[in-house]
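>>> How does the following fold in three dimensions:
(one chain, ligands or ions: 1)
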Amino acid sequence: MYGNDFGPGSDTPLNATETPDYTDALQEYFDGLIADDSRIEPRDAMPDGYRATLIRQIAQHAHSEIIGMQPEGNFITRAPSLRRKAILMAKVQDEAGHGLYLYSAAETLGVDRSELLDKLHNGKQKYSSIFNYPTLTWADMGTIGWLVDGAAIMNQVPLCRCSYGPYARAMIRVCKEESFHQRQGYEILWTLSKGTVEQQAMLQDAANRWWWPALMMFGPPDSGDAATDGHTAQNMAWGIKRFSNDDLRQKFVDMTVPQAIKLGITLPDPDLRWDEERGHWDFGEIDWDEFWRVIKGDGPCNAQRMALRVGSHEDGAWVREAAVAYADKVAARESAGAVA
Ligand code: 3HC
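Residues are numbered from 1 along each chain as shown. Just a heads-up that it's a prediction; the model follows:
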């Protein structure tokens with residue numbers, strides 16, 4: 001038996017591959033934590049599949065954050081005022097921080113961020129489809145805050161109750177900052193909605209371009225069949241996902257349509273109508289061919305995003321090498337001092 005204590009406090013991470021005697025007792029311990037809605041911590045025994053799906057999801061979440069810096073970074077030099085520039089810079093810096101937070105959360109599962117970044121760079125891991133669309137006007141900055149960060153909040157608040165402790169805790173701070181992101185975006189749009197006819201047209205154009213890709217952020221439709229429902233059924237059983245993709249998408253539409261009405265814009269969906277009986281907004285069919293096409297690399301900006309990402313990574317190699325060299329030097333000096 002692998003020690004007596006296989007829960008928090010054991011000295012090494014336990015999982016099925018590394019512990020040949022991953023016993024029913026360990027599985028029972030894990031299942032008990034999930035059933036009690038407790039948190040699984042890095043040192044707890046966990047099934048390989050649980051570890052693998054968390055590494056996949058947290059890594060892709062982190063990748064989305066750092067790639068997500070690009071569309072908005074495009075407007076930092078073109079913000080209409082110093083105040084707007086300062087706010088946009090703060091937001092883009094926040095996204096970088098979210099990425100670092102999430103790579104740190106992924107590393108608690110026994111992977112290294114360099115490995116995850118390699119997978120991003122060679123297409124073996126994804127980032128959110130939404131970031132493959134271009135930012136064409138200042139109204140896009142507001143619409144990204146309002147719709148993209150709004151969708152991110154809708155999806156990330158339940159993750160604050162994710163069964164994996166480090167991920168859930170990372171989400172608490174991320175969600176607080178996303179709220180600032182969403183509000184600053186909506187404020188930009190509120191200003192444009194009270195502006196000139198040209199500014200109102202710019203706002204409407206941005207909403208037309210970002211509405212449907214924002215709905216796609218919640219992932220493919222629920223098929224209702226665990227066998228074809230992607231990761232949803234298993235991830236809900238493991239307490240990673242708290243709501244299905246369609247449930248969160250519907251909550252987002254219900255929250256956002258009244259905000260669009262306040263802005264005086266028309267969302268680009270002729271099927272959008274309030275269903276009194278359901279108590280929800282009905283909306284039209286999402287173009288899932290576009291969704292899978294963009295995910296597979298054929299979106300408007302996929303190549304540009306990846307070229308800038310890989311280029312930045314390569315340009316920054318000297319910083320990583322210097323940091324590692326310095327850390328090695330300090331460690332060598334400390335161990336020499338320990339020996340003397
Ligand atoms: N873009 C790209 N890929 C997507 C996607 C999207 N919008 N939605 C789903 N997919 C992929 C999934 O990754 C999965 O592919 P994989 O097996 O290769 O990973 C496949 O489509 C099937 O989808 P599922 O719904 O079965 O997958 P999940 O259960 O992982 O659900 C998810 C997808 C809802 C995005 C979930 O992974 C999740 O909640 N992730 C955490 C939040 C996140 O990553 N958000 C992305 C945006 S971050 C952001 O906007 C930050 C803001 O500050 C700018």
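>>> Check what pLDDT the residue of the chain found nearest the ligand gets.
The chain approaches the ligand most closely through Gly230 (2.0 Å), counting by Cβ to the nearest ligand atom. In short, each C-beta sits where N, CA and C put it, glycine included. We have a pLDDT of 82 for Gly230.
>>> I'd say it and Asp222 touch.
No: look at Gly230 against Asp222 with Cβ atoms under 8 Å: they stay out of range, at 9.1 Å.
>>> So for the helix or strand encompassing Ser312, mean pLDDT?
Secondary structure from DSSP states H and E places Ser312 in helix 302-315. Mean pLDDT, helix 302-315: 97.
>>> That helix - contacts with which helices or strands?
The contact analysis (3 or more Cβ pairs under 8 Å, 6 or more residues apart in numbering; DSSP states H and E) places helix 302-315 against helix 48-67, helix 69-73, helix 113-121.
>>> nearest to Lys262, of these?
The closest of those to Lys262 is helix 69-73. By Cβ to Cβ, the value is 23.1 Å.
>>> could I have the closest one exported to PDB, CA atoms only?
Extracted in PDB, the C-alpha atoms of helix 69-73 (Å, rounded to 0.1, in the frame of the first residue of the first chain):
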ATOM      1  CA  MET A  69      -3.700  39.900 -25.500                       C
ATOM      2  CA  GLN A  70      -3.100  40.300 -29.300                       C
ATOM      3  CA  PRO A  71      -6.500  41.600 -30.600                       C
ATOM      4  CA  GLU A  72      -6.700  44.300 -27.900                       C
ATOM      5  CA  GLY A  73      -2.900  45.000 -27.900                       C
END
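>>> from memory Ile130 sits against Leu215, does it?
No: between Ile130 and Leu215 there is no contact under Cβ under 8 Å: 9.8 Å.
>>> so what's in contact with these two at the same time?
With contacts defined as Cβ atoms under 8 Å, 6 or more residues apart in numbering, the residues shared by Ile130 and Leu215 are Ala151.
>>> returning to what we had before: looking at the helices and strands packed on helix 302-315, which is nearest to Asn235?
In terms of Cβ to Cβ, the element of these nearest to Asn235 is helix 48-67, at 6.2 Å.
>>> Report the buried residues of the closest one.
50-51, 53-67 (16 or more other Cβ atoms under 10 Å).
>>> contacting residues for the residue nearest the centre of the chain?
The chain has His61 as the residue nearest its centroid, 3.4 Å off, counting by Cα atoms, centre = their mean. Shown in contact with His61 (Cβ under 8 Å, 6+ apart): Leu102.
>>> mind listing what's buried in the helix ranked longest in the chain?
As assigned by DSSP state H, the longest helix anywhere in the chain is helix 165-193. Within helix 165-193, the residues that count as buried by 16+ other Cβ under 10 Å are 165-168, 170-171, 174-175, 177-178, 181-182, 184-186, 188-190, 192-193.
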